[in-house]
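K.L.:
Below: sequence and its predicted model.
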Amino acid sequence: MPLNLPNLLTWLRILFIPLMAGVYYLPAGWVSPHDANLLAAAFFGVAALTDWFDGYLARALGQTSAFGAFLDPVADKLMVAAALIVLIDLDRVAPLVGLIIIGREITISALREWMAKVGKSASTAVSFVGKLKTAAQMIAIVLLLFWDPVAGLPIALIGEVLIWIAALLTLVSMAYYLAMAARALQKSA
């Protein structure tokens, strides 16, 4: 396991998961509901930024590694799944949305692993729609964790709309990856 700055940022993202979730489950009176929302949104927001930054640094510093390539998507999926479970528990996200997003992540992870085993990993490389899904999802989760209006803006409503858009993009991206994998397998058959 190479210990470099990109991998340290990925580990930091994993460390932020219990901090993000834990603020909602502290004993009564330790943190106000508004402060819990603010802290959770901040932890998740910083973690989401490290997701972009660690990949950028790994490429820029020439510090890419097989371990980093493994750990980065695991950290992303753990972070999103934990946030969605908390948001479902807080009744801020519909369970169906959580099932769609978490189910897609498991499905595509398994598909990528299988495609790598058969030598076709390029067919499941990250697509533009996948990047759109990730952006909508990350912004929605930050807004849904924060929840409180800001300067008259209905943050919760904006987050709810974005998380449904992210769920739709999740289904579209899953269909895209499955189709690309099927084509790659047909060509090699």
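P.N.:
That came through, no problem.
K.L.:
In this structure, which helix is the longest?
P.N.:
In the chain, taking DSSP state H as the definition, the longest helix is helix 155-188.
K.L.:
If you count neighbours, what's buried in that helix?
P.N.:
Buried residues in helix 155-188, counting neighbours by 16 or more other Cβ atoms under 10 Å, are found at 155-156, 158-160, 162-167, 169-170, 173-174, 176-177, 180-181, 184. All C-beta spots, glycine's among them, are computed from the backbone N, C-alpha and C.
K.L.:
ok, now stretch 2-9?
P.N.:
Residues of stretch 2-9 classed as buried by neighbour count (16+ other Cβ under 10 Å): 4, 6-7, 9.
K.L.:
and the two most separated of those residues?
P.N.:
Farthest pair in these (Cβ to Cβ) is Asn4 and Leu9. Separation: 9.4 Å.
K.L.:
now the strands for this structure?
P.N.:
Remark: no strands are assigned in the chain by DSSP state E.
K.L.:
Do you have the helices of this structure handy? List them.
P.N.:
Under DSSP H, the chain gives helices at 5-22, 33-60, 66-89, 95-117, 128-146, 155-188.
K.L.:
residues contacting the nearest residue to Leu9 once chain neighbours are set aside?
P.N.:
The shortest distance from Leu9 to any non-neighbouring residue, by Cβ to Cβ, 6 or more residues apart in numbering, is to Asp54 (3.9 Å). Residues touching Asp54, when contacts are defined by Cβ atoms under 8 Å, 6 or more residues apart in numbering, comprise 5-7, 9-10, 13, 68, 72.
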